[in-house]
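A.B. asks: structural data only, the sequence is not supplied:
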């Protein structure tokens, strides 16, 4: 299945800081089930996660794009920025979505 075919039916929820969160979080849902999430502060991405059965289908990229869309429409929401602490898989993903990549610290 092509990535664009699987992300067309994703729905997103944004949870700002203060609702039990210390950071912004966007959660992706498919057919009512949570399939991934992206958490970030004004400084950097703290966590990006796609559940195993939904990996390599564009979910993490869709979450990244949704975070940027929210930031463009609301000045109080910072755009997600890549962290210097990235796994090997996270590093490859960060390169694929683009944006400034700080020097990686492992």
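C.D. replies: Noted; the coordinates are in hand. In this text, all values refer to a predicted model and were calculated from it rather than measured experimentally. Numbers count the residues shown, from 1 in each chain.
A.B. asks: show me where this structure has strands.
C.D. replies: Secondary structure of the chain (DSSP state E): strands located at 10-15, 24-30, 33-40, 45-50.
A.B. asks: quick check: buried residues in the last one?
C.D. replies: I take that to be strand 45-50. Under the neighbour-count criterion of 16 or more other C-beta atoms under 10 Å, strand 45-50 has 45-46, 48-50 buried. Just so you know, the C-beta spots here come from the backbone N, C-alpha and C atoms, and that holds for glycine as well.
A.B. asks: hmm, who's touching stretch 41-59?
C.D. replies: Applying C-beta atoms under 8 Å, 6 or more residues apart in numbering, the external contacts of stretch 41-59 come out as 1, 3-4, 6-7, 10, 22-24, 28, 30, 34-40, 60, 63-64, 78, 80-84, 90, 93, 102.
A.B. asks: end to end on it, go ahead and measure it.
C.D. replies: 20 Å (C-alpha to C-alpha, to the nearest Å).
A.B. asks: also stretch 48-57?
C.D. replies: 14 Å.
A.B. asks: for the buried residues of strand 45-50, work out which two are farthest apart.
C.D. replies: Spatial extent of the buried residues of strand 45-50 (C-beta to C-beta) is set by the pair 46 and 50 at 15.3 Å.
A.B. asks: start and end of stretch 78-96, how far apart?
C.D. replies: 21 Å.
A.B. asks: contacts for it, please.
C.D. replies: Contacts for stretch 78-96 (C-beta under 8 Å, 6+ apart): 24, 38, 40-46, 48, 60-61, 64, 67-68, 71-72, 99-106.
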